[in-house]
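Colleague: sequence unavailable; structure follows:
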């Protein structure tokens, strides 16, 4: 039964910060195996939507379903145990831990003391972090820290991974490597990905379906080609006159 | 092979233990020195226990005095009323401290009370208990309740010198250190360290923040409760002032100055700071009363300014350099 349902589904999701409505009756579905992009101009509510989907904030209205279960009020760690993990837009590294230890924190989600080491090794290798496994996170640069944050989330063995601007601040080469890794995760590891991204090149290059958010509402949905031709999207990004 | 490797890897610790174990032999005639050493070990146990909740889990707990007092009053009252030996009583006292910690920790962690709010709440716990016991005449009351010697000094843990207490606390210190190492090397330790750094990030990696913090608090309270039992027997009386906010803050200071989350840090800081404090008190106490506290404060400020990660990282980097100088090419894993 589980397989017929979307992996992640948000119904009428609404989040208010005081009088500001950050997310406004948002509906969204992510099917198993998809690689979906969530884009929108600054302040569109992408990160807030992410926080509500992963349980870091509680929505004022609406529901979140994961694998067909209502998880709206479930704590983040329980969602992670069900198979959902995420990264953060502003990186949140465990600065005093070594790279290996940071990944190990995530690996304990599904592994006991006996198997945790091999999981860590596997993830470190996949994310090409093996050489710096004994470095302390405080000494590392942004690009590496973003990779560690991804590695840490991967170590929890998620079915759904939500990446919040994981490409921000990366240069061309780093971005290319990162996009390759995302493809690999989606195709070989069968991890469903929902990606918030500012870097258009990455979204257009990686995602097969894109959801556009503006002022907390979904304004468009479709393939990269459809989205880049959609007048409402252009309007949201560039203003009304650009459409004419 | 494993045992040999284990011995070799921890040779520093065994040397330290040996020194600590034979230390009283030449010194036990000097009462003051022995009391001082005993107090250092007593604080070291508390600070090492604090490392679990404070250093690893990052919760600025200021309730050591509450759990200590709980252990002390339980142990003392059991001896006084029912002639239960403190050797058993201290474990019951520790369980009472655990019960108290659950009562406090469950709602605090459940409602996500953190940082300064957690610190203030835990400090308030000390004060609340002190007042309760001050008014509770059956066990406490405003006057000291003296502990009797039942059967034999050994049975009621009422020794006339500090040396036996020193050894009892030394055993507790070893237990506290072993528990620290055990936690640090396993799942709970990694979870606590992650929580201590960033709670949201830890939670989305599948860590049950409430459960992990509660486990840390319970272990810490248990150790403080055990120490409390010995504390009551050493002083030989019970008084509500045992619920001491000063002890609580000092324990946290030792944990922080030592180096958050570094296992030997609190021990190191306790030895240095209590040592310095008492030395200053002895030297300066005759001239200007209270001057030692000024100097002590300056020492703390210097550490805060120049070594905000604590003194342990400094010491381990010196050790590391020494080791590299002695055996170049060999790489040692980080202490943390």
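Modeller: Done, it's in. The structure presented is a predicted model; accordingly, all values stated were derived computationally and were not measured. Numbering: from 1, shown residues only, chains lettered A, B, ... in the order given.

Colleague: residues contacting residue A:148?
Modeller: A:93, A:99, A:102, A:103, A:127, A:129, A:137, A:140 (CB atoms under 8 Å, 6 or more residues apart in numbering or on different chains). Any C-beta I mention is one placed from the backbone N, CA and C, and that applies to glycine too.

Colleague: quickly note the distance from the third one to chain B.
Modeller: For residue A:102, the distance to chain B (CB to the nearest CB, to the nearest Å) stands at 8 Å.

Colleague: tally of neighbours for the closest residue to that residue other than its chain neighbours?
Modeller: Nearest-residue entry for residue A:102: residue A:94, 4.8 Å, with adjacent residues in sequence omitted and distances by CB to CB, 6 or more residues apart in numbering or on different chains. Look at residue A:94: counted by other CB atoms under 10 Å in any protein chain shown, it has 27 neighbours.

Colleague: so residue A:94: helix, strand or coil?
Modeller: Secondary structure, DSSP: H, G, I helix; E, B strand; the rest coil: residue A:94 is coil.

Colleague: taking the contacts of residue A:148 one by one, which sit in helices?
Modeller: If you go by DSSP state H, those have A:99, A:102, A:103 in helices.

Colleague: mind checking how far the closest residue to chain A within chain B is from residue B:66?
Modeller: Closest approach between chain B and chain A, counting by CB to the nearest CB: residue B:206, at 3.5 Å. Distance of residue B:206 to residue B:66, computed by CB to CB, to the nearest Å: 32 Å.

Colleague: more neighbours: which of these two?
Modeller: For residue B:206 versus residue B:66, neighbours defined as other CB under 10 Å are more numerous around residue B:66 (33 against 28).

Colleague: what mean pLDDT does the helix or strand encompassing that one get?
Modeller: Residue B:66 is located in helix B:64-82, with elements delineated by DSSP states H and E. What helix B:64-82 shows for mean pLDDT is 93.

Colleague: show me what counts as buried in that helix.
Modeller: B:64-80 (16 or more other CB atoms under 10 Å in any protein chain shown).

Colleague: show me the shaky parts of the stretch 151-300 of chain B.
Modeller: Within the stretch 151-300 of chain B, the stretches with pLDDT under 70 are B:285-289.

Colleague: near chain A, which residues of it show up?
Modeller: B:186-187, B:190-191, B:193-194, B:197-198, B:200-209, B:261 (CB under 8 Å from any CB of the partner chain).

Colleague: how near is residue A:157 to chain B?
Modeller: 9 Å.

Colleague: OK, contacts around the residue of chain B closest to chain A?
Modeller: A:77, A:80, A:81, A:85, A:106, A:108, A:109, A:110, A:156.

Colleague: okay, now the first one: neighbour count?
Modeller: In this case it means residue A:77. 23.

Colleague: filter the contacts of residue B:206 down to the ones in strands?
Modeller: residue A:85 (DSSP state E).

Colleague: among the contacts of residue B:206, which are located in helices?
Modeller: In helices, defined here by DSSP H, the members of the contacts of residue B:206 are A:77, A:80, A:81, A:106.

Colleague: now do the domain split for chain A, please.
Modeller: A:2-83+A:159-243, A:90-157 (automatic domain parsing).

Colleague: lowest mean pLDDT across those, which one is that?
Modeller: Minimum mean pLDDT among the domains of chain A: domain A:2-83+A:159-243, a mean of 86.

Colleague: how about the secondary structure of the residue of chain B closest to chain A?
Modeller: coil.

Colleague: quick one: it from residue A:79, how far?
Modeller: For residue B:206 relative to residue A:79 (CB to CB), the value is 9 Å.

Colleague: check residue A:92 too.
Modeller: Residue A:92 is 17 Å from residue A:79, by CB to CB.

Colleague: could you check which of those two is surrounded by more residues?
Modeller: residue A:79 (24 against 18).

Colleague: quick one: contacts for that one?
Modeller: A:54, A:55, A:66, A:71, B:204.

Colleague: now, among the residues you listed, which is nearest to residue A:239?
Modeller: Ranked by distance to residue A:239 (CB to CB), the contacts of residue A:79 are led by residue A:54 at 32.0 Å.

Colleague: burial count for that closest one?
Modeller: Using other CB under 10 Å, residue A:54 has 24 other residues around it.

Colleague: now do the contacts for it.
Modeller: If a contact means CB under 8 Å, 6+ apart, then residue A:54 has A:76, A:79, A:84, A:86, A:162, B:204 as its contacts.

Colleague: with adjacent residues omitted, what lies nearest to it?
Modeller: Using CB to CB, 6+ apart and skipping residues adjacent in sequence, the residue nearest residue A:54 is residue A:86, 4.9 Å away.

Colleague: again with residue A:25
Modeller: residue A:12 (5.0 Å).

Colleague: for that neighbour, what are its contacts?
Modeller: Applying CB under 8 Å, 6+ apart to residue A:12 gives the contacts A:25, A:26, A:27, A:61, A:62, A:63.

Colleague: wasn't it part of a strand?
Modeller: Yes: using three-state DSSP, the assignment for residue A:12 is a strand.

Colleague: measure it to residue A:64 for me?
Modeller: The spacing between residue A:12 and residue A:64, counted by CB to CB, is 10 Å.
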